[in-house]
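Peer 1: Attaching a predicted model along with its sequence, questions to come.
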Amino acid sequence: MCLGNNGFQPFTYDCESNEYGDYSGIMGSSSGHHTAEHKWEIGWLSDQNVITAKEGTYSIKPLEIKQTDDSIQMI
């Protein structure tokens with residue numbers, strides 16, 4: 001994938017190189033926050049903040065703010 005004039009284009013030579021490409025992660029944009037999965041992997045989210053989705057409605061709390069152990073931050 002590369003970033004062209006019209007957004008991401010899978011098969012074209014008319015684009016600029018982008019090694020990481022994930023603008024939502026710190027490696028892709030050099031600013032912002034780690035993704036939920038990365039924060040969990042490095043221990044910034046506890047297992048109590050992560051659930052496996054089942055049927056239902058969930059409220060997800062922001063990743064940028066440390067939450068209590070019963071707040072869902074990753075599904």
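Peer 2: Perfect, thanks for sending it.

Peer 1: And the biggest helix by length in the chain, what's buried?
Peer 2: Longest helix in the chain by number of residues (criterion: DSSP state H): helix 36-41. For helix 36-41, burial by neighbour count (16 or more other Cβ atoms under 10 Å) applies to A36, K39, W40. In this view, the C-beta of every residue, glycine as well, is placed from N, C-alpha and C.

Peer 1: shaky segments in this structure?
Peer 2: Applying pLDDT under 70 to the chain picks out residues 1-32.

Peer 1: Show me the helices in it, by range?
Peer 2: 26-29, 36-41.

Peer 1: any chance you could map the strands in the protein?
Peer 2: Applying DSSP state E to the chain gives strands spanning 2-4, 7-9.

Peer 1: ok, for E37, nearest residue in space, not its chain neighbours?
Peer 2: M74 (6.9 Å; Cβ to Cβ, 6 or more residues apart in numbering).

Peer 1: is it true that the one you found touches Q48?
Peer 2: No: contact criterion Cβ atoms under 8 Å: M74 and Q48 do not qualify, at 10.8 Å.
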